[in-house]
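# I'll drop the sequence and a predicted model, then ask my questions.
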Amino acid sequence: MQIFKHISFIIIVTALIVAVCAIKATPRQLPGPPVSFLEYTPEIDGSLDPNLETLPERMFTRTIGTNGITQAADVSYRLAYGAEFLYLFIEMDVDTFVTRDRAYQNGDGFHIAITTPQGNNQPTDEFYVLGFSPQTDPARNWQRKFVWYRNIDLAMTRLRDTECEVAAQNGKVGFEALIPWSELYPYHPWISNNIGFNLCFVQAVGTDDKIYHFVVPDRYLQSEQSKRRYARLKFEEPKLSDGWQCYATLERNHLFSGDSLIANIALIAAESQTVDIRFTITSGEGDLLKPSIVNLNAGTTLVQKTYFLGMEPLDPGGYRINWSQRSDRFDHDIGLTVLPVIDPADLINCIGMLTHALSKGSRNTALFMTDKLKSDLEALKPYETAANIRFATYDILDIIESAEDGTDILAEKTGTFRRAYLSEIDNTYQPYSVKIPKDFNRSKYYPLFVFLHGSGQDDRGALEADWTRGDFIEIAPNGRGTSNCFTTDLAQDDIREAIDDVIANYPIDTNRIILAGFSMGGYGVYRTFFEMPHRFRALAVFSGIPDLADKWLEKGVHPNFLVPRYLAPFDGIDLFVFHGRQDRNAPFEDTDRLIRLLEMHGANVDFRVEDDKGHQFPGPEITRDYYNWLTRVIR
């Protein structure tokens, strides 16, 4: 069950939040000299190469400790860049380093923001936040280097080509990272010298405390659905002693049928010369299309060009654009989507005319899909590929064409997909994910498994893990938000309406409904059962937080399940609860205390603990016990 996409993040309110709240000004420019240019790629081993010791040493502008901790180690950092990469070296004056779970957040580790600056230096909603941890545990290998957030959304995608190493020597610890610009696409100082930057090094202190070292203090740097603060980077002009170097991006990473393909190219040489850059397009099926050769004059100062790639118009589909220069160390593939020209209003009209062929549930789903297609098209940014939009368009067309032939394909669809209902609360189309068994039989009644997602996520992806090993229909409500603790934003109404909708459209045994959740979804389990105690046969909670809404939202307003008056409905209910003892995002002690309170109030709790686990799912042995528990409670 340790599925990477299912990891979510709980930011406990600490002294950090209080201390940073008062900080409103953001530096207009990163203090110190411009970011140095490197002609050659450094070796990444956690130690500063001798030829890089002249890189300017930069200091963090603010340190903030939890629980009043003030004795921070001296920490500094250095920056550099090359045609292909951004380079970072952090040095801490200590003998050794600590490897906590999610060290990028809990110490010793760090996270970086690369942003698009806004007017008047206002916080931005366009950025990458990358996380780095010196993990050696294979089960936590994903924590070493990954994209934490992309724009304001939780991303949790691996950094394939980024290098990051840590080394302790001579009374200092060095953290060294080399991040290819291709993994920060479309950012590049030669294409657009308008890049924002923030860095937070998290120093572990004692057993549980930590100190945050900020370049720009930002209480939202770790938070989903939030804008970020930054300092603007200024980059040193490049100079080469040998050969030539270049970089390229696409003016748009998505096109519509008939649009032209344009590249942004920047290049420099040690001496004036003519260079050839080869652009090749490969289709999603692997077909190699006609290449385009760009001949450019390179000089000893940086040259920027916008170049039309004279290729034949491309059919709708997914493509890879490869451009080649002398370096073979880095990946120069760029994604491209060509979209069909479709008017969502026409699709809505078509769906409205198919009431005879589509069930009410299928029609609601198709109309939600079309509304979302329209909003996604409006929000699409020039540097984004759009495979999800292309596939959504095809899916809607398939639904319409099949209905015109008399077939409601949504009604008989199996596997995992998204449905929607028309809410009785506000007359909006609201989504939820559903998983239908491959051997689905409408003459059979199925138990229902309801899973609540973690913070920073929505329902999509929540059902990818094998929660039931078989004969269930499963749903993941959206909860009308990613981080509302299933408490605000009509989240409880959404859960109720999603369950009602799946019951209306599928043969569900309403006496066998299981409610489960991870992290924030674990709190959601307690919260939802408190609202609807007679609806569920049993509950399962993985790494939950019993008082989350009391911490995140308004204190004293929402249920805190460490307070006994909220536990009366749990009398007689079966619960399976798992928690890792090393969990620093959802404190183990709170769940341990809750279990004792639940048992005092008559709950039948199967509580499982793993001493070496953090904020994650259980290992194979406890997972097997969970399956056995699930089989027993639905009999």
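Received it, and whenever you're ready, just let me know what you need.

# dump the residue contacts of D571.
For D571, the contact set (CB atoms under 8 Å, 6 or more residues apart in numbering) comprises 601-603. C-beta: built from backbone N, CA, C; applies to glycine.

# was I right to think F542 contacts G517?
Yes - if you go by CB atoms under 8 Å, F542 and G517 touch, sitting 7.2 Å apart.

# out of the contacts of D571, which comes closest to K381?
The closest of the contacts of D571 to K381 turns out to be A603 (CB to CB; 48.3 Å).

# next, count neighbours for the closest one.
By other CB atoms under 10 Å, 20 other residues sit near A603.

# and the closest residue to it other than its chain neighbours, how far from A177?
Nearest non-adjacent residue to A603, counting by CB to CB, 6 or more residues apart in numbering: F570, 4.4 Å away. Here the criterion is CB to CB, to the nearest Å. By it, F570 lies 47 Å from A177.

# now do R584
R584 is 23 Å from A177, by CB to CB.

# three-state assignment of S455?
At S455 the chain is in coil, as set by DSSP: H, G, I helix; E, B strand; the rest coil.

# contact partners for the closest residue to it other than its chain neighbours?
The shortest distance from S455 to any non-neighbouring residue, by CB to CB, 6+ apart, is to M520 (4.1 Å). For M520, the contact set (CB under 8 Å, 6+ apart) comprises 8, 10, 452-455, 483, 485-486, 545, 548.

# which one (most neighbours) among these?
I545 (30 neighbours).

# export the contacts of M520 to TSV and append columns for distance to T54, pLDDT and secondary structure.
Formatted as TSV, the contacts of M520 follow (distance: CB to CB, whole Å; pLDDT from 0 to 100; DSSP: H, G, I helix; E, B strand; the rest coil):
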residue	distance to T54	pLDDT	secondary structure
S8	42	43	coil
I10	42	41	coil
L452	53	97	strand
H453	49	96	coil
G454	45	93	coil
S455	43	91	coil
S483	44	89	coil
C485	50	94	coil
F486	54	95	coil
I545	48	95	coil
L548	49	94	helix
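
# closest to G82 out of the residues you listed?
Nearest to G82 among the contacts of M520 is S8, at 34.8 Å by CB to CB.

# about what we covered before: relative to A403, which of the contacts of D571 is nearest.
Closest approach to A403 among these (CB to CB): A603, at 47.4 Å.

# check contacts around the closest one.
Taking CB under 8 Å, 6+ apart as the contact definition, A603 lies against 567, 570-575.

# measure it to F576 for me?
From A603 to F576 the distance is 11 Å (CB to CB).

# so R593, which state does it fall into?
Of the three states, R593 takes helix according to three-state DSSP.

# pretty sure it sits against L562.
Yes - with contact defined as CB under 8 Å, R593 counts as touching L562 (6.2 Å).

# name the residues contacting each of these two.
Shared contacts of R593 and L562, defined by CB under 8 Å, 6+ apart, comprise P546.

# what residues go with each domain of this structure?
4-233, 244-339, 342-413, 414-633 (automatic domain parsing).

# just the element for the most centrally placed residue in the chain, please.
Closest residue to the average C-alpha location of the chain: A155 at 1.6 Å, with CA atoms, centre = their mean. Using DSSP states H and E, A155 maps to strand 153-158.

# distance from the chain centre to that strand, please.
2 Å (CA atoms, centre = their mean, to the nearest Å).

# that strand: partners in the sheet, and parallel or antiparallel?
Sheet pairing for strand 153-158, assigned by DSSP bridges, gives strand 145-150 (antiparallel).

# can you show me the CA trace of stretch 215-225 as CSV?
Extracted C-alpha coordinates of stretch 215-225, given in CSV (Å, rounded to 0.1, in the frame of the first residue of the first chain):
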residue,chain,number,x,y,z
VAL,A,215,16.1,33.0,2.6
VAL,A,216,12.6,34.6,2.5
PRO,A,217,10.5,33.8,5.5
ASP,A,218,7.3,32.3,4.2
ARG,A,219,4.7,30.6,6.4
TYR,A,220,3.1,29.0,3.3
LEU,A,221,6.2,27.6,1.8
GLN,A,222,5.2,24.0,2.8
SER,A,223,1.5,24.5,2.2
GLU,A,224,-0.8,23.4,-0.6
GLN,A,225,-3.2,25.7,-2.3
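
# quick one: average pLDDT of it?
When pLDDT is averaged over stretch 215-225, the result is 93.

# the stretch 101-250 of the chain: helices as residue ranges?
Using DSSP state H, counting those that start in this stretch, the helices found in the stretch 101-250 of the chain span residues 103-106.
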